[in-house]
Structures are given as C-alpha cells and as structure tokens.
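K.L.:
Below are the sequence and a predicted model; questions follow.
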Amino acid sequence: MIEQSVDAASKTTTLRRATVDDAQTLSTLAARTFTETFGHLYPPADLTAFLADAYAVEKQRVILAHPDYAVWLLEHEGEAIGHAAAGPCGLPHADVARGDGELKRLYLVQGHQGGGNGTRMMDAAMAWLLRDGPRTLWVGVWSENLGAQRFYARHGFEQVGDYIFPVGSINDLEFILRRPAQL
C-alpha cells in the first residue's frame with residue numbers, strides 16, 4: 001500500500017490506495033471532478049445520465065475489488081480531493097496488446113491543481129502499472145485539454161490516435177496517447 005503524507009503550513013495531504021470501502025467516496029469525487037472539469041460541455045440531462053452510469057457506486061465497488069485495477073485517493077485534511085485509476089488498457093487502438101496498461105483517470109478538485117498533486121498521483125499509478133517491469137502504457141485525453149496533454153507528454157506519452165467519447169448527445173474527440181515499454 002502506497003501512502004505518502006506531506007506537511008505544509010500544518011495541512012496534511014495523503015495519497016493512499018483506495019479500498020472497496022471507498023466506493024461511495026470515489027463515486028462522489030469522480031462525479032464532482034468530472035463536472036468541474038467538463039460539465040460545461042454537456043446539456044444537463046446528458047451530464048446527469050452520464051454521471052449516474054459512469055460513476056455509480058456499484059461500478060466503483062467492482063473496480064475497487066478487481067485485482068487488475070488500482071485506484072488512489074488524494075486526501076487533504078481528511079477530504080478526498082483527487083483520484084487516479086489504472087488497469088488493463090481498454091482504448092480502441094489497433095496496437096493495444098494483451099498486458100498493456102492504461103491510466104484510466106487522474107482528476108483533482110478545483111483549487112488543488114498544481115503544487116505537484118497530479119504528479120504524486122501519476123507517480124503512484126505509473127509505479128503500480130510498471131510493478132512487473134516495462135510495458136506499454138496508454139491514456140485517453142480530451143482533444144482540447146492542452147494542459148493534460150502537456151502533463152502526459154512530460155511523462156513520455158505521445159499521441160498515436162483518436163476516438164469518439166460520447167456523453168449523451170455530445171461526441172467528444174479524444175486523443176489516444178501511448179508510452180512505449182522501453183521508457
């Protein structure tokens with residue numbers, strides 16, 4: 001279990017591996033961070049339906065219980081402010097091979113971006129994905145999220161494709177990024 005604490009101005013931020021008992025917290029946090037980041041892009045009914053399906057508590061419980069997936073929660077003074085998730089690659093790209101890993105999610109609550117929080121979560125996810133040795137890693141990112149694209153590029157990812165990510169009636173163009181196994 002990876003657990004890291006940082007004290008700054010008497011405020012503690014902890015990164016820890018989530019458990020099945022965190023399903024409700026993860027569901028609430030995932031819906032909040034997705035809405036803060038992308039909610040303005042979708043009609044309210046489409047957003048509500050997407051959140052209810054994608055971040056349902058039971059779905060989070062299944063992910064948290066599955067041995068091929070890992071999720072981390074970043075907590076600040078006991079409140080969940082970020083999460084990262086990793087597992088087998090499920091992106092629609094012809095070069096995805098059995099055994100490839102994927103960074104599924106990496107989100108922070110508004111006001112907590114910067115300061116190394118995203119890097120802390122990314123480092124934990126990368127260490128877990130590479131725990132058995134080098135392998136190709138993948139991540140999908142919204143085509144207009146330039147900050148996230150720069151972040152992933154700093155971690156060795158390059159764009160190799162794209163796909164459509166539907167949220168209700170809206171079809172988002174997502175880029176597929178890959179980091180070769182030899183990095």
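P.N.:
Sure thing, it's come through. The structure presented is a predicted model; accordingly, all values stated were derived computationally and were not measured.

K.L.:
in the chain, which spans are helices?
P.N.:
23-38, 44-54, 57-65, 117-129, 146-154 (DSSP state H).

K.L.:
Pull out the buried positions in the last one.
P.N.:
So the one you mean is helix 146-154. A148, Q149, F151, Y152 (16 or more other CB atoms under 10 Å). From N, CA and C alone the C-beta is placed, and that goes for glycine too.

K.L.:
And for the first one?
P.N.:
Buried residues in helix 23-38, counted by 16+ other CB under 10 Å: 23, 25-27, 29-35, 37-38.

K.L.:
and what of stretch 129-144?
P.N.:
L129, R135, T136, L137, W138, V139, G140, V141, W142.

K.L.:
how about a markdown table for those, with pLDDT added?
P.N.:
Listed next are the buried residues of stretch 129-144 as a markdown table, based on pLDDT from 0 to 100:
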| residue | pLDDT |
| --- | --- |
| L129 | 97 |
| R135 | 96 |
| T136 | 97 |
| L137 | 98 |
| W138 | 98 |
| V139 | 98 |
| G140 | 98 |
| V141 | 97 |
| W142 | 96 |
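
K.L.:
separation between W142 and F38?
P.N.:
Separation of W142 from F38 (CB to CB, to the nearest Å): 7 Å.
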